[in-house]
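**Student:** I would like the atomic coordinates for the input below:
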Amino acid sequence: MVFAEVSAVGGILLSLAPGVPVSVFVATISFVIYLICWLLRRRR
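**Tutor:** Numbers count the residues shown, from 1 in each chain. Have a look, this model is predicted:
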């Protein structure tokens, strides 16, 4: 739930400046969060 909210709000905020669609930033933030979680899991 928190990851989705961070992705949505972060994507909206980041899309205000460059004029790129919100979905690009939401997908990018979600993927970065996924990679961080995956890397943390691999370290264990």
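
**Student:** so which residues of this structure form strands?
**Tutor:** Applying DSSP state E to the chain gives no strands.

**Student:** which residues of this structure fall in helices?
**Tutor:** Listed in chain order, the helices of the chain (DSSP state H) span 2-15, 22-43.

**Student:** rounded mean pLDDT for the last one, please.
**Tutor:** By that I understand helix 22-43. Helix 22-43 shows an average pLDDT of 95 in the prediction.

**Student:** next: stretch 4-17.
**Tutor:** Rounded mean pLDDT across stretch 4-17 is 92.

**Student:** so who does the residue nearest the centre of the chain touch?
**Tutor:** Centroid-nearest residue in the chain: I29, 1.5 Å away (criterion: Cα atoms, centre = their mean). I29 makes contacts with V6, S7, G10, G11, L14, as judged by Cβ atoms under 8 Å, 6 or more residues apart in numbering. C-beta here means a position set from N, CA and C on the backbone, and glycine is covered the same way.

**Student:** again, only using 7 Å
**Tutor:** Shown in contact with I29 (Cβ atoms under 7 Å, 6 or more residues apart in numbering): V6, S7, G10, G11.

**Student:** show me which of these are buried.
**Tutor:** Applying 16 or more other Cβ atoms under 10 Å to the contacts of I29, the neighbour count classes S7, G10, G11 as buried.
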